[in-house]
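>>> Okay, sequence plus prediction incoming.
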Amino acid sequence: MRRLALALVLALLCAAAVASSEPAAVPASRQPSGVPWPSQAWPAAEPGPDVDRAALEQAYEHAFRTLGRAGVPNTRALLAVHRGRIVAERYADGFDAQTRFHSWSMAKSVTQALVGILVRQGRLEVGAPAPVPEWHGADDPRRVVTLNHLLHMTSGLENADGQGGEGFGVQMLFGDGAADQVAFASDVALTREPDTHWAYSTATSNIVAWIVQQEVGGTPEALLGFLHRELLDPLGMRRTIPEFDAAGHYLGGGFVWASAHDWARFGYLYLRDGVWEGSRILPEGWLDYTTTAAPAPNNSVHTAHFWLNAQARPGQLEILPGAPPSAFCASGAYGQYVCMVPTHDLLVVRLGEMQGIDWPELRSPIVELIAAFPPLPEAP
Amino acid sequence: MRRIALWTAALVLLAALVAAAVYGPRLRRMAGVGAGYVAKQTCSCMYLAGRSFDACRSDLPASMDRIRAEVLDGVEGVRADALFLERRAQHIPGRGCTLQPWD
C-alpha cells in the first residue's frame, strides 16, 4: 500500500514540469490563409517538403515502441498539427479518433481557460481575493490569497499534492476527501506568505474550478452549460466530458476526458492567442499570462496552470529538454501532453500511459517529433 | 513453562494491538484510496473511453492487482474493495463517473 501511495503521489507530482532553456513568451502564430478552422473537422495534409519525414517516422516508431502491462503501447495517441493541419496521427490498437483520453492534470489548463473566459467577460479578476467565503473572516490570514496566487500555485496554503504521509492529493481524489473535494481542499491553513513558495497542488486547482462553478451558477448543470456554450461548442470539442465529485463539484484539477482531436482543438486555441474563427475566446494578454512563470524562488516552469519549456528549478521535473524554448504545454500524469510550439506553428498531442518506462523514455520521442519540423521564417 | 508461554502470548498480543493502533488507521486510509482509485478509474475508463473491464484494469498500476473489482449490477458503475473497505463509482451520462459517498 505504501508503494501505491508513493506511486500515486509521484504520478501527480510528475504532472509537474517541463524542459530546458530560457522562458520566452513569443507571439502566437496566425491561422494560415486558406486553411479552415477545425471546428467541424480537422483538416489533414501530408507533411510539407520542409518537414524531415524520416525523423518524423522515427519519432513515431520510438513513441509506440514501449509497451505497457497488457502489451499495449504506452503511447495510445500521437498527433501533430502543423500550420493548421494534422500532418501526422497514429493510435495504438484499440484506440482511435473517437476514444476519450483522461486528462489527469491537463484538466487544470482547461480550468484556466474557463477562468480566462470569465475574466474576458468581466466576471472575475485574477488579482482580486479568491471568493472563498470561509477565508474572509476578519482575522483569517487566507483572505489575502488571490485567484492569481491559486492559478500560480503560490498561495501558501497547506494543500500540496505531496503534503502529509499518504499524500494530500490522492486522499482528496480517491480517499477521505473524495466525496466533497472542495471542502477537503480549502479547509487548510496558510503556512507561507503568498508568492514566496511554489507547491504543486491539485487541491488548489479544484478550488479554482469551484470558483468558476460558483460564478456561473453553482450547479453541475450550470457548469456544463457554461463550459459547452463558451468553450467546447465554439471549438467543436464534441467528445469532451468533465467529471464531478459526489457534492456536484467540477473536478477541474484532474478529471476531463476528451478525444485526441478535442485535445488538439484545446491546444490550438492557445496557439492562436485565444482567438477562434475571428472571435476572441480568451482575453487579450491571456497568452502572455499563460506563458509567464509564477513568481516564486523555487519555480521557473509553472505558469498559471500551464508549463513553460524552461530550465527547471531543483525539485521540479523537466518534460521536454531540448525542445524549442517557445514550447509550452498542458501536462498530466502518466505522460499526457498538449504542447504548443508557436515558433514552429506546431502543436503536438501525446496521450497514453507510462508503465515500466521513465520520463526520459517517454518524452524523448516527443522532442524528436518536434525536431522534425522547421521553425517559422524570422519576421523581417 | 506454561507461564512463559502465557507471557509470550500476552506480549505478542500486546505488540499486535500496538501495531494495529499505530498503523491500522493509516493502512485503512491507504486501502480506501486504493479501492477508490480502482473503482473510479475503471468506471471512467469503461464508460467514457469505451474500453473493456479487463483492458481498463490492465492500465492500473500492478500494485493494485490485489484490489478486487467488478461491474455493478443494474447501474453503470464499478465497485472495488480492499481490506473490507468498499468503494463504488457510478456513471452519469454527460457527467462522467463519481465516487459515491461511504460511511
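Thanks, I have it. These numbers were taken from a predicted model, which means no experiment stands behind them.
>>> got a pLDDT number for residue 5?
Because you didn't say which chain, this covers chain A. The score at A:A5 is 48. That number is its pLDDT.
>>> I was thinking of chain B, sorry if that wasn't clear
We have a pLDDT of 82 for B:A5.
>>> Over to A:E134?
The score at A:E134 is 96. That number is its pLDDT.
>>> tell me, how many neighbours does the residue nearest to it when sequence neighbours are not counted end up with?
Computed as C-beta to C-beta, 6 or more residues apart in numbering or on different chains, the closest residue to A:E134 that is not its neighbour in sequence is A:S186, at 6.4 Å. Every residue, glycine included, has its C-beta placed from N, CA and C. For A:S186, the tally of surrounding residues (other C-beta atoms under 10 Å in any protein chain shown) stands at 20.
>>> What of A:E277?
When neighbours are defined as other C-beta under 10 Å, A:E277 has 14 of them.
>>> same check, this time on the one 3 residues further on
Applying other C-beta under 10 Å, we find 13 residues neighbouring A:R280.
>>> number of nearby residues for the closest residue to it other than its chain neighbours?
Closest residue in space to A:R280, ignoring its immediate chain neighbours: A:G274 at 6.2 Å, by C-beta to C-beta, 6+ apart. For A:G274, the count of nearby residues is 22 (other C-beta under 10 Å).
>>> quick revisit: doesn't A:P131 make contact with the residue nearest to A:E134?
No. With contact defined as C-beta atoms under 8 Å, A:S186 and A:P131 do not form a contacting pair (11.4 Å).
>>> In contact with the residue nearest to A:R280, which residues are there?
When contacts are counted by C-beta atoms under 8 Å, 6 or more residues apart in numbering or on different chains, A:G274 touches A:G116, A:R280, A:I281, A:L282, A:P283, A:W286, A:L287.
>>> Which other helices and strands does the helix-or-strand element of chain B with minimal mean pLDDT contact?
Counting by mean pLDDT, DSSP states H and E, the weakest-scoring helix or strand in chain B turns out to be helix B:2-47, with a mean of 85. Using 3 or more C-beta pairs under 8 Å, 6 or more residues apart in numbering or on different chains; DSSP states H and E as the contact criterion, the neighbours of helix B:2-47 among helices and strands are helix A:2-14, strand A:100-102, helix A:168-174, helix B:53-58, strand B:68-71, strand B:77-82, strand B:85-92, strand B:96-99.
>>> Of all these, which one comes closest to A:P220?
For A:P220, the closest of the helices and strands packed on helix B:2-47 is strand B:85-92, at 8.9 Å, according to C-beta to C-beta.
>>> can you put the contacts of A:G274 in JSON lines and add secondary structure, distance to A:M237 and pLDDT?
What follows is these, written out as JSON lines (DSSP: H, G, I helix; E, B strand; the rest coil; distance: C-beta to C-beta, whole Å; pLDDT from 0 to 100):
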{"residue": "A:G116", "secondary structure": "helix", "distance to A:M237": "16", "pLDDT": "98"}
{"residue": "A:R280", "secondary structure": "strand", "distance to A:M237": "17", "pLDDT": "97"}
{"residue": "A:I281", "secondary structure": "coil", "distance to A:M237": "12", "pLDDT": "98"}
{"residue": "A:L282", "secondary structure": "coil", "distance to A:M237": "15", "pLDDT": "98"}
{"residue": "A:P283", "secondary structure": "coil", "distance to A:M237": "20", "pLDDT": "98"}
{"residue": "A:W286", "secondary structure": "helix", "distance to A:M237": "18", "pLDDT": "98"}
{"residue": "A:L287", "secondary structure": "helix", "distance to A:M237": "19", "pLDDT": "97"}
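>>> so which of the residues you listed comes closest to A:I319?
Closest to A:I319, out of all of the contacts of A:G274 and judged by C-beta to C-beta, is A:L287, at 19.7 Å.
>>> Hmm, that closest one is touching A:V275, no?
No. Assessed by C-beta under 8 Å, A:L287 is found out of contact with A:V275, at 9.8 Å.
>>> Grab the most central residue of chain A for me.
Centroid-nearest residue in chain A, with C-alpha atoms, centre = their mean: A:A330, separated by 2.6 Å.
>>> Show the contacting residues for that one.
Under the criterion of C-beta under 8 Å, 6+ apart, the neighbours of A:A330 are A:105-106, A:108-110, A:266-267, A:306-307, A:336-339.
>>> could you redo the last one with a cut-off of 7 Å?
Shown here is A:A330, whose contacts under the criterion C-beta atoms under 7 Å, 6 or more residues apart in numbering or on different chains are A:M106, A:S109, A:G267, A:F306, A:V338.
>>> Can you tell me how far it is from chain B?
Applying C-beta to the nearest C-beta, to the nearest Å, one obtains 18 Å for the distance of A:A330 from chain B.
>>> what pairs with that residue across the strands?
Applying DSSP bridges to A:A330 yields these beta-bridge partners: A:V338.
>>> Local confidence estimate at A:E318?
In this model, A:E318 is scored at 80, pLDDT.
>>> Then A:R76 would be within a helix, right?
No. Inclusion of A:R76 in a helix is not indicated when DSSP: H, G, I helix; E, B strand; the rest coil is applied; the result is strand.
>>> Which residue, other than its chain neighbours, is closest to it?
The shortest distance from A:R76 to any residue that is not its chain neighbour, by C-beta to C-beta, 6+ apart, is 3.9 Å, and that residue is A:G352.
>>> so how many other residues sit close to A:T219?
13.
>>> Next: A:A264.
The burial metric for A:A264, expressed as a neighbour count using other C-beta under 10 Å, is 25.
>>> Just after the helix or strand where it lies, pick out the following helix or strand.
Using DSSP states H and E, A:A264 maps to helix A:260-271. Helices and strands here follow DSSP H and E; after helix A:260-271, the next one along the chain is strand A:275-276.
>>> got the contact list for that following strand?
Contacts with strand A:275-276, where a contact means C-beta under 7 Å, 6+ apart, come from A:W37, A:P234, A:L235, A:L269, A:I281.
>>> tell me the contacts of the residue lying closest to B:I92 once chain neighbours are set aside?
Spatially, and ignoring its direct neighbours in sequence, B:I92 is nearest to B:T98 (6.7 Å; C-beta to C-beta, 6+ apart). With C-beta under 7 Å, 6+ apart as the criterion, the residues that contact B:T98 are A:E243, A:F244, A:D245, A:A246, B:A89, B:Q90, B:I92.
>>> ok now do the first one, which residues does it touch?
Okay, so that is A:E243. Taking C-beta under 7 Å, 6+ apart as the contact definition, A:E243 lies against A:L251, A:F255, B:S44, B:R95, B:G96, B:C97, B:T98.
>>> how much space is there between the nearest residue to A:D262 once chain neighbours are set aside and A:E378?
With C-beta to C-beta, 6+ apart as the criterion, A:D262 has its nearest non-adjacent residue at 4.2 Å, and that residue is A:M237. Applying C-beta to C-beta, to the nearest Å, the value for A:M237 to A:E378 is 34 Å.
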